[in-house]
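Q: I would like to see how this sequence folds:
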Amino acid sequence: MFQRSKNVFHFYHLVALLVSIQAYLFSSFMNATATKWGFTFSKIGFLNFIASFIYALASITIGHLGDKYGYKKVISILFLYLFSVSVIGFLVRNSFF
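A: Next up is the predicted model:
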């Protein structure tokens with residue numbers, strides 16, 4: 001009746017895990033950079049609130065895109081975007097401020 005896949009952990013799960021790790025690294029980078037620039041704790045908290053709000057809106061939008069085009073395609077594009085931003089950020093030698 002029902003067929004179960006032999007593999008429990010699929011490539012999709014790996015990509016989802018890597019996207020989650022990258023999102024965590026970007027949020028911790030934002031806090032560390034704000035501290036380096038001398039922001040107060042209330043300003044850092046406000047930045048985290050804004051980032052969380054944007055994350056929630058992006059999740060809804062990406063969810064709709066996933067429904068329309070397929071979750072694997074959308075999360076793969078998101079992973080490639082975050083990976084390219086990470087590589088570019090790693091290669092930049094000067095800071096903007």
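Q: what strand or helix carries the residue sitting nearest the centre point of the chain?
A: Closest residue to the average C-alpha location of the chain: residue 23 at 3.1 Å, with CA atoms, centre = their mean. Using DSSP states H and E, residue 23 falls within helix 11-36.
Q: next, the angle from the helix or strand following that helix to helix 11-36.
A: Using DSSP H and E, the helix or strand that follows helix 11-36 in sequence is helix 41-69. The directions of helix 41-69 and helix 11-36 differ by 160 degrees, with axes from the mean of the first three to the mean of the last three CA atoms, to 10 degrees as the criterion.
Q: buried ones in helix 41-69?
A: For helix 41-69, burial by neighbour count (16 or more other CB atoms under 10 Å) applies to 44, 47, 65, 66. Placement of C-beta: from N, CA and C, glycine included.
Q: what does the very next helix or strand once past that helix contact?
A: Following helix 41-69 in sequence order, the next helix or strand is helix 71-91 (DSSP H and E). For helix 71-91, the external contacting residues (CB atoms under 8 Å, 6 or more residues apart in numbering) are 12, 15, 16, 18, 19, 22, 23, 25, 26, 62, 65, 66.
Q: can you show me the CA trace of stretch 80-91 as PDB?
A: What follows is stretch 80-91 as a C-alpha-only set of coordinates in PDB (Å, rounded to 0.1, in the frame of the first residue of the first chain):
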ATOM      1  CA  LEU A  80      23.000  29.500  -3.800                       C
ATOM      2  CA  TYR A  81      22.200  33.100  -2.900                       C
ATOM      3  CA  LEU A  82      23.400  32.800   0.700                       C
ATOM      4  CA  PHE A  83      26.500  30.800  -0.400                       C
ATOM      5  CA  SER A  84      27.500  33.500  -2.900                       C
ATOM      6  CA  VAL A  85      26.900  36.300  -0.400                       C
ATOM      7  CA  SER A  86      29.000  34.400   2.100                       C
ATOM      8  CA  VAL A  87      31.900  33.900  -0.400                       C
ATOM      9  CA  ILE A  88      31.800  37.600  -1.400                       C
ATOM     10  CA  GLY A  89      31.800  38.600   2.200                       C
ATOM     11  CA  PHE A  90      34.700  36.400   3.000                       C
ATOM     12  CA  LEU A  91      36.700  37.800   0.100                       C
END
